[in-house]
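1. Model the structure of this input:
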Amino acid sequence: MSLRRQIRDESDFDQLPHNIPISATIADIEEKKGFIDYFRFVIEVKTKGGSKYLIYRRYSEFFNLHQILESKYSPENPEKPGPNTCTLPTLPGKIYIGNKQEIAENRIPELNTYMKRLLGLPTWLLLDEALRMFFYQTDQDSQQRPQALRRLRPPTRKVKTVKPPKKDMFSSPRAEVIFDFRGNGKAELNLKRGEVIFLLRRVNVDWLEGTVNNQTGIFPESFVKIIKPLPESDSEGEGGGYTYSCLRCFLLTPSGVEARDVCVQEDLTSQPSHKELLARMSDVFKVDDIALNYRDPEGDLIRILDDEDVQLMIKEARGQQGNVKRPVNQFPWELHVTMASDLSVYSSED
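-> As a prediction, this is how the structure comes out:
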């Protein structure tokens, strides 16, 4: 009896299999939509052997696990007397009314405590089949793509002031933002889909540090697509069969001008169609009924109506190429996006 009550006894712990979970932390919550909308917890599990993986569990699965363990091991269960009993941690109770997201967020600290205490129980309980299956990474878990993992923040919060080299910026390690990301605090960047971010270093397995829009900070790697990896990366990025270029574009609205650097999988010499540019800008700025424009040598906006106008824009831009300093992988022409109905942006002088 006394031996079974020893928690984390070295001899018992050494005999556990390497795939036994020893710690678990909630990294995020994710909403699942279907016939019934619900939130699930994204949990990072660490095993005795040192491996880490993610599992996705609903509160109802926590509840079912707790009921099974209580029926087997709770000393208060009169139907299950015996030596293999222990006091289980308290599971936060069910909540039937309220905002589902707020309920899930508020449960995170309590569920983290519950899992910590559960995995700190006598070593023989860690071999329980129901407990092991709860923390086991199923095929469905492994096929999921995590989003933010926002609670797995790196331990460091210091912001470096390192900037990418001004010369040949687009030969530097870089990535394209594929999901919008709002940073939590000054150490983390705010990213918009389509932006090009220059990589400075890897912070940990999930986070990178980089610079975009003259801001330096950290961000989750799952929000970007690596174009050219950092030197220490196993993949060299070169010779991948694709050429990435940067297109500077602007959205002109009555409230101001929004600038974007959009990563394009095309060579600098390519000539896109008017239809392709229109679709890409609509996707980048998330607006419909737009018009494409470029600035002529006098600085006036010229509306682009067809492929011939695109050709003219490219021809004029190449003629002015020596007057403007650009990164080596940036197109010599720029797009100015306006609303199709807005004619006030054009010069009215005859």
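2. Note down every partner strand of the helix or strand harbouring residue 200 and its orientation.
-> In this assignment (DSSP states H and E), residue 200 forms part of strand 196-202. Here the strand partners of strand 196-202, with direction, are listed using DSSP bridges: strand 174-177 (antiparallel), strand 207-212 (antiparallel).
3. Which segments of the chain make up each domain?
-> According to the domain assignment given by automatic domain parsing, the chain is divided into the following structural domains: 10-142, 169-228, 245-339.
4. need the ones you listed in CSV with mean neighbour count, can you?
-> For glycine as for every other residue, the C-beta is placed from the backbone atoms N, C-alpha and C. Converted to CSV, the domains of the chain look like this (neighbours: other CB atoms under 10 Å):
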stretch, mean neighbour count
domain 10-142, 15
domain 169-228, 19
domain 245-339, 15
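5. Throw those into TSV and include distance to residue 346 and mean pLDDT, thanks.
-> Listed next are the domains of the chain as TSV, based on distance: least, CB to CB, whole Å; pLDDT from 0 to 100:
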stretch	distance to residue 346	mean pLDDT
domain 10-142	44	84
domain 169-228	26	83
domain 245-339	6	87
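6. Turn those domains into a markdown table, columns for distance to residue 347.
-> Shown next, in a markdown table, are the domains of the chain (distance: least, CB to CB, whole Å):
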| stretch | distance to residue 347 |
| --- | --- |
| domain 10-142 | 48 |
| domain 169-228 | 29 |
| domain 245-339 | 5 |
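7. Mind checking these for the one nearest to residue 345?
-> Across the domains of the chain, residue 345 has its closest neighbour in domain 245-339 (5.3 Å, CB to CB).
8. Spatially, what comes nearest to residue 199 if we skip its sequence neighbours?
-> For residue 199, the nearest residue in space outside its immediate sequence neighbours is residue 173; the separation is 4.0 Å by CB to CB, 6 or more residues apart in numbering.
9. quick one, phi/psi of the closest residue to residue 175 other than its chain neighbours?
-> For residue 175, ignoring the flanking residues on the chain, the nearest one in space by CB to CB, 6+ apart is residue 224 at 3.9 Å. Recorded main-chain torsions at residue 224 are phi -130, psi 160, according to degrees, to the nearest 10.
10. Residues in a beta bridge with residue 224, which ones?
-> Beta-bridge partners of residue 224, as defined by DSSP bridges: residue 177.
11. ok, back up a step: what residues does the strand holding residue 200 touch?
-> Identification of contacts with strand 196-202 by CB atoms under 8 Å, 6 or more residues apart in numbering yields 160, 162, 164, 169-170, 172-177, 189, 191, 208-212, 216, 219, 224, 226-230, 232, 246, 261-263.
12. If we use 6 Å, what do you get?
-> Contacts to strand 196-202, defined as CB atoms under 6 Å, 6 or more residues apart in numbering, come from residues 162, 164, 172-176, 208-212, 230, 246, 261, 263.
13. same thing with stretch 128-144?
-> Defining contact as CB under 6 Å, 6+ apart, one finds that stretch 128-144 is touched by 21, 45, 53, 55-56, 65, 68.
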